[in-house]
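A.B. asks: Return a 3D structure for these sequence lines:
(one chain, ligands or ions: 1)
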Amino acid sequence: MTIQRVGVVGFGQMGSGIAQVCAQAGFDTLVREVEQSFIDKGFKRVEGSLARLVKSQRVSEDDAKAARGRIRGTTSLGDFKDRDLVIEAVVEEISPKKKVFGELDTVCPPGTIFCSNTSSLTIVEMAAATKRPDRFAGLHFFNPPVIMKLVEIVKALTTSDETIATLRDFVTRLGKTGVVCKDSTGFIVNRLMVPYLLGAIRMLELGIATKEDIDQAVKLGLGYPMGPFELIDYTGVDINYHVANAFFEELKDPGMAAPPLLRRMYLAGQLGTKTGKGFYDYDEQGKRKS
Ligand SMILES: NC(=O)c1ccc[n+]([C@@H]2O[C@H](COP(=O)([O-])OP(=O)(O)OC[C@H]3O[C@@H](n4cnc5c(N)ncnc54)[C@H](O)[C@@H]3O)[C@@H](O)[C@H]2O)c1
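C.D. replies: Have a look, this model is predicted:
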C-alpha cells in the first residue's frame, strides 16, 4: 500500500509540525481540531515555521506556498473517510486517544492505517479500541518535527509486517529516518531520556544545584543542546507529567514516579513555554525572560 492522503488529529505543538512535514513532502493533509480557534492557531504556527524556512533559504517561497496549500482543517472526524493514513497527536491521555480511534474506525475504510504519536502510552491498548489492530502502529515524531530527523515506528503485538513496511516507506518519503521498536513504554529515546529528566528534577528538589547550573552542566559537560529544565519547558510540563505517570504505571519503579515538584507545577498550570511559565518565564513569542 502507498500512502497519498494523510489525516492528522490534533493541531497543537506536534500535530501542526507533523502536518507541515507531510505537506512539505507533497502529501494531501487534513487536520482536525476540537474547535475552529485551535485550527486557526495551528495554521499560524505552520505559517510562522514556513516563513522562517523561507527566510533562512531552506525552502523556496513557491514550495512554502504549495505546502501551506496542501493542508486543510476541519472540526469533524467524519471528513477523514478518504484518508490512507491517520496520525493522532492529541493530549497524552489514554481515554481521549481511544475515543478518537473508536470514532475514526467507524469513518475510515478498513485499509486506512492508524498511528499514534504518543510518547509513552501503550499502542496495543489503542489498537484494541478498533477493528484493525493489524493496521495500527506508533509513529513517534520528535519536537520540533520539522527539524528533528528521527521517527520511531512502533510495532505493537498486533501490528502486521505489511503495515510496518508501509510506514517505513512513508517515513522515508517524509525525508526522515525511521527506527523500528517494540511497543514498550518510552520506546527507545524516551526510555533513555525520561529517567534522566526525572533525575534532574529530583536533584533540584534535593537542593544539590540550581536549575540554571544543572542546565549549564548538562550542556557543557554532556554536550546536549538543551539542559533538562529548558527541555521540559519546551516539550511541556503536562506532557512530561503524563509520561512519568505512564512509566510508573507500567514499570512500578519508584524512580519513575512523577517528582512532587513536577506534579505541583502541572496542577498550577505552569506548563512551560506554552503558558509563559514553567521552570523559567517566557514572553508571548515563547522567548525566555528569566
Ligand atoms: N511535546 C512534545 O515534545 C512531544 C514529542 C513527541 C510526542 N508528543 C506527543 O504528541 C501528542 C500531542 O502533544 P503536543 O505537545 O502536541 O500537545 P498540545 O497540547 O500542543 O496539543 C494537543 C492537542 O490535543 C487537543 N485535545 C485536547 N484534548 C482533546 C480531546 N479530549 N480530544 C481531542 N483532542 C484533544 C488539543 O486541542 C490540542 O491541540 C501527545 O501524545 C504527546 O505525548 C509530544
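A.B. asks: Pretty sure residue 131 sits in a helix.
C.D. replies: No - assessed with DSSP: H, G, I helix; E, B strand; the rest coil, residue 131 is coil; it does not lie in a helix.
A.B. asks: how many neighbours does it have?
C.D. replies: If you count neighbours by other C-beta atoms under 10 Å, residue 131 ends up with 12. For every residue, glycine as well, the C-beta is placed using N, CA and C.
A.B. asks: swap in residue 93?
C.D. replies: 14.
A.B. asks: What is the burial count for the closest residue to it other than its chain neighbours?
C.D. replies: Distances taken as C-beta to C-beta, 6 or more residues apart in numbering put residue 242 closest to residue 93, at 6.3 Å, once the chain neighbours are dropped. Residue 242: 21 surrounding residues under other C-beta under 10 Å.
A.B. asks: next one: the one 4 residues further on
C.D. replies: A count of neighbours around residue 246, defined by other C-beta under 10 Å, yields 23.
A.B. asks: Tell me which helix or strand it sits in.
C.D. replies: Element membership for residue 246 (DSSP states H and E) is helix 237-251.
A.B. asks: That helix close to the ligand?
C.D. replies: Yes - using C-beta under 6 Å from any ligand atom, helix 237-251 reaches the ligand at residue 239.
A.B. asks: next helix or strand past that helix?
C.D. replies: helix 260-268.
A.B. asks: That following helix: how far from the chain's middle?
C.D. replies: How far helix 260-268 lies from its chain's middle: 21 Å, per C-alpha atoms, centre = their mean, to the nearest Å.
A.B. asks: Show the secondary-structure elements that that helix is packed against.
C.D. replies: helix 189-205, helix 237-251 (3 or more C-beta pairs under 8 Å, 6 or more residues apart in numbering; DSSP states H and E).
A.B. asks: can you rerun that using 10 Å?
C.D. replies: Contacts defined by 3 or more C-beta pairs under 10 Å, 6 or more residues apart in numbering; DSSP states H and E place helix 260-268 against helix 189-205, helix 228-235, helix 237-251.
A.B. asks: what about residue 56, neighbour count?
C.D. replies: Neighbour count of residue 56, defined by other C-beta under 10 Å: 8.
A.B. asks: Could you tell me the phi and psi values at it?
C.D. replies: Backbone torsions for residue 56, taken as degrees, to the nearest 10, come to phi -90, psi 10.
A.B. asks: between the helices and strands packed on helix 260-268, which gets nearest to residue 134?
C.D. replies: Comparing those by their distance to residue 134 (C-beta to C-beta), the top pick is helix 237-251, with 23.2 Å.
A.B. asks: Give me the distance from that closest one to the chain's centre.
C.D. replies: The answer for helix 237-251 is 14 Å, by C-alpha atoms, centre = their mean.
A.B. asks: now that helix against helix 260-268, angle please.
C.D. replies: 130 degrees (axes from the mean of the first three to the mean of the last three C-alpha atoms, to 10 degrees).
A.B. asks: Which other helices and strands does helix 237-251 contact?
C.D. replies: helix 94-107, helix 189-205, helix 228-235, helix 260-268.
A.B. asks: Need the per-residue pLDDT for the nearest residue to residue 80 once chain neighbours are set aside.
C.D. replies: Distances taken as C-beta to C-beta, 6+ apart put residue 7 closest to residue 80, at 4.5 Å, once the chain neighbours are dropped. On pLDDT, residue 7 comes in at 98.
A.B. asks: OK, contacts around residue 7?
C.D. replies: Counting by C-beta atoms under 10 Å, 6 or more residues apart in numbering, residue 7 touches 19, 22, 28-32, 74, 77, 79-88, 104, 107-108, 112, 114.
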